[in-house]
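Peer 1: here is a sequence with its predicted model. Questions after.
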Amino acid sequence: MLEGDTVTAQPQPSYESRLAYSFERTERLRKIGKALAYLILTAWAVMSLLPIYFTFIMSFDNLGKSLTMRDVRFWPLEPSLKNFRDLFQLDAPFWLEKRPVMRWFINSALVATIPTISNLIFDSMGGYALAKLKFPGRNLIFLSIVATMMIPGFVTFIPLYRMMHEYAWMDTYWALLFPGFAGVGGIFLMKQNIQTLPTSVLEAARIDACSEFKIYWRIVLPTAKPILAIIGITSFMGGWNSYFWPYLVSKSKKMLTLQAGLSSLMGAGISGMPPSLTDYGIVMAAAVIAAIPMIIVFFIFQKYVVQGITVGAVKG
Amino acid sequence: MNLKAAWKRYFEDSKYSEWRWAYIFLAVDLAWSALFLFYPLIRAFIFSLQEFNLSNIGNVRFIGLKNYIDILTDTSGWWHSVKITAMYTLFTVPVNIAIAMGLSLLIHPLGDRSANFYKSAFYLPGVISATVMSVIMIWVFSPMSGLANLILEKLGLPTLRWYGSPDTALLTLMLMIWLSGHGMGVLLYTAALKRVPQSLYEAADIDAASGWSKFWRITWPLLKPTTLYVLVIQLIESFQTFSGAFFITRGGPIRSTEFVNWRIYETFYRYGNFGLASAMAVVLMFVIMVISLVNFKLLGTDVEY
């Protein structure tokens, strides 16, 4: 047959050259795709971040009674700290009781740090006991921890709110701080993490007559530093950003946190009625003060924030 | 000195020292969880069986399952709030997963630096508190002079009343989530994409597979465990959505954003009906537990690559 002859006369492109051709094509496609990807991602990021940016800028601008397109700017039209002065009521007459914004800031800092410190200590202790020590009731305790991890906040908020009344803890730091003193999620994470520590290391330390506390302090804690950082950052941010519990248990202005104070500024109160912000400037200034510490923490400890999200997803 | 030695022997040479240490390590955790977790939990169950109103606080009595019957027969507006929450969940969770997956697929092939940049950009709204985000969104979707309306005006389109109107209030809350609620999804998906073996794609390239079939035959099945995880977390979060109603709509206008948690909050905080509110919270808890259990079952069988 002639066909066979033509095949030998005009050899097909070699496998390598075909591969090279397809690579070239995919390379070009990849470049177009990459440009498109950048475009979509940037557009989406701008869409979700621009309102935040505008709000920040507006808080430093001299705003009128109502907002218009004129106020939506990339840089303040009349840069001023007027909104912050109004928020702190610096220009108010001396006999007027000022809004205790500094106190709110301190309260927020307390709600963020004290439970974080206690969580780090007691979650790691509990996690170590559950992971590496044998004692009666271990499985029961661990199971009850796992079982309570998914309980919605409102189930315990209602009785806790009642208990705060019964203990006369309303409007005190006890009510603000104690419910976050330890956390089942943290104990669970610590336990899962410490379990990966080889038992032989601990056995060796025990043979050298190390006390359990020394083992915990000298061996377990140093090896658990990454997970401690994750729990610490997550708990810190959660504490700073929590608004509902502080709002429930604080009755006087002085016991509010920044988040709860901000919601009182927004005038949340009337049921079924959307708030009509009468003074955008003050609210936006307070929002900026409430947001900036978290943004700073996020950029410094980004690695741990990200790991805090992903650590739960990987089966331990 | 002698006492110290005795103490030391008691703690370290004893057969039961491990037990003792375990309970010492756990003491604070156990005390805390008893006081602030298990006791309130028991109280919640007890409340839910009581006629417990702040108006009859001296006269609290057990009424059996009446609160639960009230919930199920809808004398308390429960099913309305379930409907609103279900609608919100239906339109936010799948959309959010799709957005997060789409964004992650776009981020994944980028270099480390730009990938990290976009990941932080998408996660940033997540580190800002719900309070602050609500302030921002109250301005953006303000019925009067919000950013959204200003943009619509510029484009010559009719403006909307957003959260100020019962027709669009729920949609506005959904929009907020679509705009800024996928940070967690993006982080999880980009991490999962990194774990997908590159050799699979190379093999598919040799077989000249199209991008479409590569996605459905390789990426999608391998991302399934992540998708399930994100789905469950977001379902649980979405069932408990609260801040939008609390800060922005106050459940209104005309009850159009009355989520389950808002219903519970109003029942105990505004009307002082602790019994009914606790029963609602317990029902919500069981729903969430069922979802988590189904999740554990699904993840248990499907997680291996």
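Peer 2: The structure has been received and is ready for your questions. Just so it is clear, the model here is predicted, and its values are computed rather than measured.

Peer 1: in the stretch 1-150 of chain B, which ranges drop under the pLDDT threshold?
Peer 2: Residues of the stretch 1-150 of chain B that meet the criterion pLDDT under 70 lie in B:1, B:7-15.

Peer 1: all helices of it, in order?
Peer 2: B:2-12, B:17-33, B:39-48, B:66-72, B:78-107, B:112-127, B:130-140, B:147-154 (DSSP state H, counting those that start in this stretch).

Peer 1: comparing those helices, which comes out most buried?
Peer 2: helix B:130-140 (a mean of 25; mean count of other C-beta atoms under 10 Å in any protein chain shown). Placement of C-beta: from N, CA and C, glycine included.

Peer 1: so what touches it?
Peer 2: Helix B:130-140 is contacted by residues A:51-52, A:55, A:67, A:241, A:243, A:259, A:262-263, A:266, A:274-275, A:277, A:280, A:283-284, A:286-287, A:290-291, B:125, B:146-148, B:163, B:176, B:180, B:243-244, B:247-248 when judged by C-beta atoms under 8 Å, 6 or more residues apart in numbering or on different chains.

Peer 1: got the angle between it and helix B:147-154?
Peer 2: Computed by axes from the mean of the first three to the mean of the last three C-alpha atoms, to 10 degrees, the angle separating helix B:130-140 from helix B:147-154 equals 20 degrees.

Peer 1: got the angle between helix B:130-140 and helix B:112-127?
Peer 2: 90 degrees.

Peer 1: now residue B:256: how far from chain A?
Peer 2: According to C-beta to the nearest C-beta, to the nearest Å, residue B:256 and chain A sit 9 Å apart.

Peer 1: run a quick neighbour tally on residue A:27.
Peer 2: Residue A:27 has 9 neighbouring residues, counting by other C-beta atoms under 10 Å in any protein chain shown.

Peer 1: now it: how far from chain B?
Peer 2: Per C-beta to the nearest C-beta, residue A:27 is found 12 Å from chain B.

Peer 1: so, low pLDDT: which residues of the stretch 1-150 of chain A?
Peer 2: Residue ranges of the stretch 1-150 of chain A with pLDDT under 70: A:1-13, A:22, A:64-70.

Peer 1: residue boundaries of the helices in it?
Peer 2: With DSSP H, counting those that start in this stretch as the criterion, the stretch 1-150 of chain A has helices spanning A:2-9, A:15-59, A:82-88, A:101-132, A:138-148.

Peer 1: dump those helices to JSON lines, plus distance to residue B:228.
Peer 2: Formatted as JSON lines, those follow (distance: least, C-beta to C-beta, whole Å):
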{"stretch": "helix A:2-9", "distance to residue B:228": "52"}
{"stretch": "helix A:15-59", "distance to residue B:228": "24"}
{"stretch": "helix A:82-88", "distance to residue B:228": "45"}
{"stretch": "helix A:101-132", "distance to residue B:228": "26"}
{"stretch": "helix A:138-148", "distance to residue B:228": "18"}
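
Peer 1: hey, which of those helices is tucked in deepest?
Peer 2: Greatest burial across the helices of the stretch 1-150 of chain A, using mean count of other C-beta under 10 Å, falls to helix A:101-132, with a mean of 21.

Peer 1: now do it: distance to the chain's middle.
Peer 2: 14 Å (C-alpha atoms, centre = their mean, to the nearest Å).

Peer 1: can you tell me the element the most centrally placed residue in chain B falls in?
Peer 2: Centroid-nearest residue in chain B, with C-alpha atoms, centre = their mean: residue B:237, separated by 1.4 Å. Per DSSP states H and E, residue B:237 falls inside helix B:220-239.

Peer 1: residue B:204 contacts residue B:217, doesn't it?
Peer 2: Yes - using C-beta atoms under 8 Å, residue B:204 is in contact with residue B:217, at 7.3 Å.

Peer 1: comparing those two, which shows the higher neighbour count?
Peer 2: Taking neighbours as other C-beta under 10 Å, residue B:204 and residue B:217 compare with residue B:204 leading, 16 against 13.

Peer 1: out of everything not next to it in sequence, what's closest to that one?
Peer 2: Spatial nearest neighbour of residue B:204, excluding adjacent residues (C-beta to C-beta, 6 or more residues apart in numbering or on different chains): residue B:214 at 5.0 Å.

Peer 1: what's the mean pLDDT across the strand or helix carrying the one you found?
Peer 2: Using DSSP H and E, residue B:214 sits in helix B:211-214. Here helix B:211-214 scores 79 as its mean pLDDT.

Peer 1: show me the contact partners of that helix.
Peer 2: B:201, B:204.

Peer 1: list the buried residues for it?
Peer 2: Buried positions in helix B:211-214, judged by neighbour count with 16 or more other C-beta atoms under 10 Å in any protein chain shown: residue B:214.

Peer 1: how far does that helix sit from its chain's centre?
Peer 2: Mean C-alpha position of helix B:211-214 versus that of the full chain (C-alpha atoms, centre = their mean) differs by 32 Å.

Peer 1: ok, now stretch B:255-275?
Peer 2: Put simply, stretch B:255-275 sits 18 Å off its chain's centre (C-alpha atoms, centre = their mean).

Peer 1: gap between the two ends of that stretch?
Peer 2: End-to-end distance of stretch B:255-275 (C-alpha to C-alpha, to the nearest Å): 22 Å.

Peer 1: tell me the secondary structure at residue B:167.
Peer 2: Classification of residue B:167 by DSSP: H, G, I helix; E, B strand; the rest coil places it in coil.

Peer 1: domain ranges for the chain, per the record?
Peer 2: You didn't say which chain, so I picked chain A. Domain assignment of chain A by automatic domain parsing yields the ranges A:13-80, A:101-310.

Peer 1: please refer instead to chain B.
Peer 2: B:2-48, B:75-127+B:178-302.

Peer 1: OK, contacts around the closest residue to residue B:115 other than its chain neighbours?
Peer 2: Using C-beta to C-beta, 6+ apart and skipping residues adjacent in sequence, the residue nearest residue B:115 is residue B:107, 5.1 Å away. Contact analysis of residue B:107 by C-beta under 8 Å, 6+ apart lists A:37, A:41, B:115, B:118, B:119, B:186, B:190.

Peer 1: could these be laid out in TSV, adding distance to residue B:255?
Peer 2: Listed next are the contacts of residue B:107 as TSV, based on distance: C-beta to C-beta, whole Å:
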residue	distance to residue B:255
A:37	43
A:41	39
B:115	44
B:118	39
B:119	39
B:186	34
B:190	40
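
Peer 1: next, give phi and psi for the nearest residue to residue A:253 once chain neighbours are set aside.
Peer 2: Leaving aside its chain neighbours, residue A:253 sits nearest to residue A:100 (5.9 Å; criterion: C-beta to C-beta, 6+ apart). When read as degrees, to the nearest 10, the backbone of residue A:100 gives phi -80, psi 60.

Peer 1: buried residues in the helix or strand hosting residue A:286, which are they?
Peer 2: Using DSSP H and E, residue A:286 maps to helix A:280-300. Under the neighbour-count criterion of 16+ other C-beta under 10 Å, helix A:280-300 has A:280-291, A:293-294, A:297-298 buried.

Peer 1: residue B:254 belongs to a helix, doesn't it?
Peer 2: No - when three-state DSSP is applied, residue B:254 is found to be coil, with no helix at that position.

Peer 1: sweet, I'm off.
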